[in-house]
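In: what would the 3D arrangement of this be:
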Amino acid sequence: MNAIYALLSILILLAGKNVRGELNPLVIKGYKFFDSVTGEYFPVKGIDYYPRPNEGDLNENNLDLFTDQYEHIWKRDVSYFKDMGINAIRLYAVDPNKSHDKFMDALSSAGIYAMIGMSANCENCEITSDPAPYCYPKLLKHRGQH
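Out: Sure thing, here's the model as predicted:
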């Protein structure tokens, strides 16, 4: 169980506020999140987010809609999240080989953390049926560190 929490903490992309205007990293203790700098409890107020249109060319599973290319899809939602008091969102289908700078900067400015799933629809990103830790792709460990 501790290994799962450790993996989750690695996969939390930072979008918080510190002296430089960035959010502080979060850590997991037991089953709760805490600010790694202040030690304060961080109550997650979040949602799952995958803004896939219900029709048209973008109506497909596992399409990474969080890149700069799709800013027109996610941009207005970030302000809605902030207005609702959301401080974390869980994302799906994030391709680690693509840039998500604009999206992550928008979340950071709104004080929102992004929690990224370990799987992705990209080459060498799949989790296999081998026993742990061999089931995880080599680059997975580095995904949450960017």
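
In: what about the helices in this protein?
Out: Along the chain, counting by DSSP state H, helices occupy 2-10, 71-83, 101-110, 140-143.

In: rank the ones you listed by pLDDT, which is bottom?
Out: Mean pLDDT values for the helices of the chain show the minimum at helix 2-10, a mean of 44.

In: find the least confident helix or strand in this protein, judged by mean pLDDT.
Out: strand 12-13 (a mean of 42; mean pLDDT, DSSP states H and E).

In: which residues of the protein score low on pLDDT?
Out: For the chain, the stretches flagged by pLDDT under 70 are 1-21, 118-126, 139-146.

In: strands along that one, start to end?
Out: For the chain, applying DSSP state E gives strands covering 12-13, 26-29, 32-35, 41-42, 46-49, 88-91, 113-116.

In: could the ones you listed go into TSV alongside mean neighbour count and distance to residue 127?
Out: In this view, the C-beta of every residue, glycine as well, is placed from N, C-alpha and C. Formatted as TSV, those follow (neighbours: other Cβ atoms under 10 Å; distance: least, Cβ to Cβ, whole Å):
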stretch	mean neighbour count	distance to residue 127
strand 12-13	20	18
strand 26-29	16	20
strand 32-35	17	23
strand 41-42	15	27
strand 46-49	14	19
strand 88-91	20	17
strand 113-116	22	14
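
In: that'll do, ta.
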